[in-house]
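Asker: from the sequence below, what's the structure:
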Amino acid sequence: MASTGTVGDAVQVYLSGALANNAYQSDVDAALGGYRSSVRASSLTMRRPSALPGLTVTHASGANGTGNGVLTCQSASTVSWTPPNGTVGTAVTIANGETKLLIGGGTEINKWVVVTRTSATDLAGVEVVQLLDTFNNVFGPSDFSAAGFKYRAVFLRFASAVTACHVWLDSANDGVRALAAETPVSNAIQTIASESAAPTGVSWDMGTTEGTGIDIGTQSAGAIVGLWIRHALGSGYTASAHVDTIIHYSYTCAAVDYAGQLRGKCRYADSALELYLLFAGDGAEPDLTGTADASAAALPIELALAADHDWWLRTITQDAYGLRSHTNDASNRVIRLAADGTQEEDPPSAPSIVTMSAYTAGEVRVQAAYYPLLETVSADKATSWVLYLTDDGSTPDPAVDDAYDTKSMGGGDAELLDYTTAQGTWLEDQVIKCIPRTRRSYIVGEETLYVESTNSTVYSATVEYFGPARPSIVVTHDGWYGQDVGIQAAPDDEVTYVDETNNIYWLMKGGQTQLWADTVLVFSLKRDSSRPSWSGLYTTFAVDDGAISGAGTTDPIEVASWTGGDKTLYITVNGARVAKIDVTNLTITFNTIDGAASVSSTLSESPIWRKYAHTCIQVWDLGNDTVVTGASLTSAGVLALADKLVGCNTEGECTSET
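Answerer: Below is the predicted model:
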C-alpha cells in the first residue's frame, strides 16, 4: 500500500507564482517565480467519460504517457491502476476520505495516479481514464507567433528524502529548451516581470542525458528547489501545430531508483502562412498535397488558365500553423474554357443517395436527392431532373442518347426525385439501366440551352411482376389477422384462349395445364410434388430437337397457320420462335431439350408467361397447393423441364389423374 509523497511520488512538482509559500495559485501563465503554489503542475490532461462514483483522480504522473488507463474496483474498498498499454497494478485499500497512490504493475513503478475516495458506498466497476498531452501548460509555454524566448518556473518539492536527483531534457528538445535550478531564499525564488523576461544569476543547462543534466543531489524531506524552463525559438523557424516539451528526472528513495517525466505542448505560428490556396487540375481533381497554383492572404485569387481545357479548381484555407482545411464538394469548381478562351457553363452538382429498384407490375423506381445549397453560387442550381435509360443491356450514354424523361424541380432547399416508369413497359427479368442527372437551362441569345451534371455512375434494376409469396392467414382466438391478399385457389377447368375463333386454348385444373388445338390435345403438363413419378410433360405428339428460328409475334403462343392441312403453332420467347408445334403431323420440335437445365421460374398464375429471356409454362402443384413453373424455354430455344418428358399412346394417358 503506497501513500502519496512516497516512492514514485517522492518528488512532487508545483507551480510557482503564489503570494506566499504554499498559497493557492493555479494560473500556469503566472508561474513566473516567487513562492511555491499549493497547486501541483500537471503534465497530462485527464478525461473521465464514465467516472466511477466515489473516486476522484487528482493527479497522474507524466511517465504514464498518453493513452487509456484503467481503474478497476477489485472489491468494495480496493482499487487497482493499469497504465496505458501497461500491466494491472496491486489493488490498494482506500477508505472514505483517504487519498492513495495507485501504481502500475510489474516494473511500471513510475506510472501512477493519485486517487481520493469521496463516499462510503461500496466501490464497484471499471473505468477507462483518458490521458492526453496538454497544450500550454507550465511545461509547454504559450504559443509562439515570432522568434524569441519564454520562461516559466516550477518548484520541485521533496515529500520524502531522496538522493542522486537529476533533471535533464529529452533529446528531441536539444538546442530548443534549457533548464536552470535556483535555490530558494526564504521559500522563494526570483520573480520575472513577464514570460519573455529572463531570470538572472542562473546557469542554463541543455543536457539531454542523466549525466549531462542538472544534478540536484541529495534532498531532505520537505526541501524545495526552483526549476526554470526556457523555451527558445530562432528566426527562420518552421511553423508547427504541436511542439513537444519533455523533461526527465530521476532520484533514489529508500534504496529504490525512480524516474519521471514532465510533459507539455505548444505551437509555433507564422502569420505569413495564413492564406487562401487555389489548386488547379487539368481535366481532373487537383493534387492538394503539393504547392498551390496560386495563393493570397485575402480573396479574390487570380490565376491564368489555358483555353480549351476543363479546369478543376479547389480553394482551401491554411492557418498560421501550416494546417490546411478539409475540402468538400462545395469548394469544388469546374471552369470550362472553350478554344477561344470564353467560359462555358458550370454544371450543377450530381444527384446523391441514388437508388434504383424493381417496382410493382413491371415498373422500375428511381429515387435520388439533390441539395441546391451545396452549389458554390446560386446561379449554378439545377432546375430539373433528367434520366437516361436503356433496356437492351447497353450502358446509357448521355453524350449521344436522348433523355428518357425529365422532371421539373420545385425550387426548395432539398429536391427529391421519386420516379416510377409506366406499368407493363417491360418484361419480367429485363435489366433496366439508368443514369439520373440534374440539369439547368440557360439562355444564349434567343436559344434555350442545357447544362447537366457530369456523373456517370450507372444504376440498374431487374424487372419484376410478382411480389413475394402470399403470407399465410394466422388463427387467433375468436378471429383472424393478416393481410387481405386473396388466398390462391386451385384452378377449376379455367380456360385461357390463344385463338378463340379456332378454339386454341389452355386448360388449367388442379395438377394439370393442357394445351388444346381445337379437338387435339398437344400436351398436358402435370405436377404433384408429393408424386414425383406422376409429374411430367405428357404428349402423344412426336417430340424432337431441331433448328427453329425466325421472328414471331410478341405473344408466347403464335398461331402461324390454321388452314386445311397446315396447322402450325410456335412458342416464342420475346418475339423469337423457339419451338414448333405441327398439329397436322402431330410433332413438336424444340431447338434443344436439356434435361439438366434449370427451369426459370415465375410467380405468374397464367398458364404461359412471357419473360424477357424465357417463356414459362405454369401448372398447379397438387403437393404444394400453388402455381409453379413446370417448363421453360430460353431465348436460345433450350427447353428445361422440372420433371420428365413422357410419350403417350392416347390422350387419356396424357390427362389421366393416376
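
Asker: where does the most centrally placed residue in the chain land in three-state SS?
Answerer: Nearest residue to the geometric centre of the chain (CA atoms, centre = their mean): Ile353, 13.4 Å. For Ile353, the assignment made with DSSP: H, G, I helix; E, B strand; the rest coil gives strand.

Asker: that one is in contact with Tyr371, isn't it?
Answerer: No. Here Ile353 does not reach Tyr371: they are 9.8 Å apart, not a contact under CB atoms under 8 Å. (C-beta placed from N, C-alpha, C; glycine too.)

Asker: let me see the contact set for Thr592.
Answerer: 545, 636-639 (CB atoms under 8 Å, 6 or more residues apart in numbering).

Asker: out of those residues, which comes closest to Gln318?
Answerer: Relative to Gln318, the closest of the contacts of Thr592 is Ala636; by CB to CB it sits at 63.3 Å.

Asker: quick check: closest non-adjacent residue to the closest one.
Answerer: Counting by CB to CB, 6 or more residues apart in numbering, the nearest residue to Ala636 once its immediate chain neighbours are dropped is Asn591, at 6.7 Å.

Asker: could you report the pLDDT at that neighbour?
Answerer: On the pLDDT scale, Asn591 is placed at 92.

Asker: the chain should start at 19 in everything you say after this.
Answerer: Sure, I'll start numbering at 19, so the last one becomes Asn609.

Asker: so it makes contact with Gly564?
Answerer: Yes. Between Asn609 and Gly564 a contact is recorded at 7.4 Å, counting by CB under 8 Å.

Asker: the two: which is more packed in?
Answerer: Counted by other CB atoms under 10 Å, Asn609 and Gly564 do not tie: Asn609 has more neighbours, with 20 against 11.

Asker: quick one: Tyr556 from Asp511, how far?
Answerer: Tyr556 sits 18 Å away from Asp511, going by CB to CB, to the nearest Å.

Asker: and those two? Which one has more around it.
Answerer: Set Tyr556 next to Asp511 and count neighbours by other CB under 10 Å: Tyr556 wins out with 23 against 9.

Asker: let me see the backbone angles for the residue lying closest to the more buried one once chain neighbours are set aside.
Answerer: Ranked by CB to CB, 6+ apart and with sequence neighbours excluded, the top spatial neighbour of Tyr556 is Cys672, at 4.1 Å. Main-chain torsions, Cys672, degrees, to the nearest 10: phi -70, psi -40.

Asker: which residues touch Cys672?
Answerer: Contacts of Cys672 by CB under 8 Å, 6+ apart are 532, 539, 541-542, 556-558, 666.

Asker: what about the strands in the stretch 369-518 of the chain?
Answerer: For the stretch 369-518 of the chain, applying DSSP state E, counting those that start in this stretch gives strands covering 370-376, 382-388, 402-408, 423-426, 433-438, 449-462, 465-470, 477-480, 492-494, 497-499, 512-517.

Asker: would you turn these into a markdown table with distance to Arg54 and mean pLDDT?
Answerer: As requested, the strands of the stretch 369-518 of the chain are exported to a markdown table (distance: least, CB to CB, whole Å; pLDDT from 0 to 100):
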| stretch | distance to Arg54 | mean pLDDT |
| --- | --- | --- |
| strand 370-376 | 61 | 93 |
| strand 382-388 | 63 | 95 |
| strand 402-408 | 73 | 96 |
| strand 423-426 | 76 | 94 |
| strand 433-438 | 66 | 94 |
| strand 449-462 | 68 | 90 |
| strand 465-470 | 72 | 86 |
| strand 477-480 | 71 | 96 |
| strand 492-494 | 80 | 37 |
| strand 497-499 | 79 | 37 |
| strand 512-517 | 102 | 94 |
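
Asker: flag every buried residue along stretch 668-676.
Answerer: Buried residues in stretch 668-676, counting neighbours by 16 or more other CB atoms under 10 Å, are found at 669, 672-673.

Asker: my bad, stretch 213-227
Answerer: Result for stretch 213-227 [16+ other CB under 10 Å]: buried residues 213, 217, 220, 223-226.

Asker: what's the first-to-last distance across that stretch?
Answerer: Taking CA to CA, to the nearest Å, the first and last residues of stretch 213-227 lie 27 Å apart.

Asker: distance from it to the middle of the chain?
Answerer: 51 Å (CA atoms, centre = their mean, to the nearest Å).

Asker: swap in stretch 158-166?
Answerer: Centre to centre, stretch against its chain (CA atoms, centre = their mean), the figure for stretch 158-166 is 39 Å.

Asker: what residues does it touch?
Answerer: Counting by CB under 8 Å, 6+ apart, 47, 152, 154, 168, 170, 213-214, 247, 249-255, 261-263, 281-289, 338 sit against stretch 158-166.

Asker: show the buried residues in these.
Answerer: 152, 168, 170, 213, 247, 249-251, 255, 261-263, 281-288, 338.

Asker: as a check, name the ranges of all helices in this structure.
Answerer: For the chain, the helices defined by DSSP state H cover 669-673.

Asker: sketch out the low-pLDDT regions of it for me.
Answerer: Applying pLDDT under 70 to the chain flags the ranges 19, 346-352, 361, 395, 462, 485-506.

Asker: gap between Ile611 and Thr438?
Answerer: Distance of Ile611 to Thr438, given as CB to CB: 40 Å.

Asker: out of the two, which sits in the more crowded spot?
Answerer: Set Ile611 next to Thr438 and count neighbours by other CB under 10 Å: Ile611 wins out with 18 against 12.

Asker: and that one, bridged to which residues?
Answerer: Leu657 (DSSP bridges).

Asker: surely it touches Val561?
Answerer: Yes. The pair Ile611 and Val561 passes the contact test of CB under 8 Å, sitting 7.4 Å apart.

Asker: tell me, what's touching those two both at once?
Answerer: In contact with both Ile611 and Val561: Leu663, using CB under 8 Å, 6+ apart.

Asker: contacts only, for Gly254.
Answerer: Ala165.

Asker: ditto for Thr84
Answerer: Thr84 neighbours (CB under 8 Å, 6+ apart): 62, 102, 149-151.

Asker: phi, psi for it please.
Answerer: The phi/psi pair for Thr84 (degrees, to the nearest 10) is phi -90, psi 160.

Asker: now do it against Leu150, distance only.
Answerer: Distance from Thr84 to Leu150, by CB to CB: 6 Å.

Asker: check Thr111 too.
Answerer: 29 Å.

Asker: then Gln448?
Answerer: 59 Å.

Asker: these two: which is more packed in?
Answerer: Of the pair Gln448 and Leu150, Gln448 is the one with more neighbours under other CB under 10 Å, namely 20 against 12.

Asker: with that, I have no additional questions.
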